[in-house]
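Q: whatever this is, show me its structure:
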Amino acid sequence: MILLDTDVLIDILRSYPPALEWSKSRQSDTPMTSGYVAMELIQGCRDRDDLRRVMDLLETCQVY
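A: Below is the predicted model of the structure:
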């Protein structure tokens, strides 16, 4: 398991190449995040498209 912070998830959402490469290299680990981080991501959404992308990403994580 690997605990992901807001900064890492934002970089993944923005398709920042180093974050995507790191994420792909950790596919054997189960990604986790906290409910607080999930709410930070949701609060930062500007529109429905942003919200959909965040929710899709959060579905790949276990939220605690």
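
Q: how close does the residue nearest in space to the middle of the chain sit to residue 40?
A: The residue lying closest to the centre of the chain (CA atoms, centre = their mean) is residue 9, at 3.3 Å. To residue 40, residue 9 is 9 Å away according to CB to CB, to the nearest Å. Where C-beta positions appear, they are placed from N, C-alpha and C, glycine not excepted.

Q: now the strands for the protein?
A: Under the criterion DSSP state E, the chain carries strands at the ranges 2-3, 31-33, 62-63.

Q: which elements pack onto the last one?
A: In terms of contacts (3 or more CB pairs under 8 Å, 6 or more residues apart in numbering; DSSP states H and E), strand 62-63 is packed against strand 31-33.

Q: please identify the buried residues of the longest helix seen in the chain?
A: Taking DSSP state H as the assignment, the helix of the chain that covers the most residues is helix 48-59. Buried residues in helix 48-59, counted by 16 or more other CB atoms under 10 Å: 54, 57, 58.

Q: for residue 1, see how far away residue 53 is.
A: Distance from residue 53 to residue 1, counting by CB to CB: 23 Å.

Q: contacts for the helix or strand bottoming out on mean pLDDT in the chain, please.
A: The element with the least model confidence among the helices and strands of the chain, by mean pLDDT, DSSP states H and E, is strand 2-3, at a mean of 92. By CB atoms under 8 Å, 6 or more residues apart in numbering, the surrounding residues in contact with strand 2-3 are 26, 29, 30, 31, 32, 33, 34.

Q: for the fourth one, what are its contacts?
A: Neighbouring residues of residue 31 by CB under 8 Å, 6+ apart: 1, 2, 4, 60, 61, 62.

Q: need the worst-confidence member of those residues.
A: The lowest pLDDT within the contacts of residue 31 belongs to residue 1, with 86.

Q: I'd say it and residue 33 touch.
A: No: when contacts are counted by CB atoms under 8 Å, residue 1 is not listed as touching residue 33 (10.8 Å).
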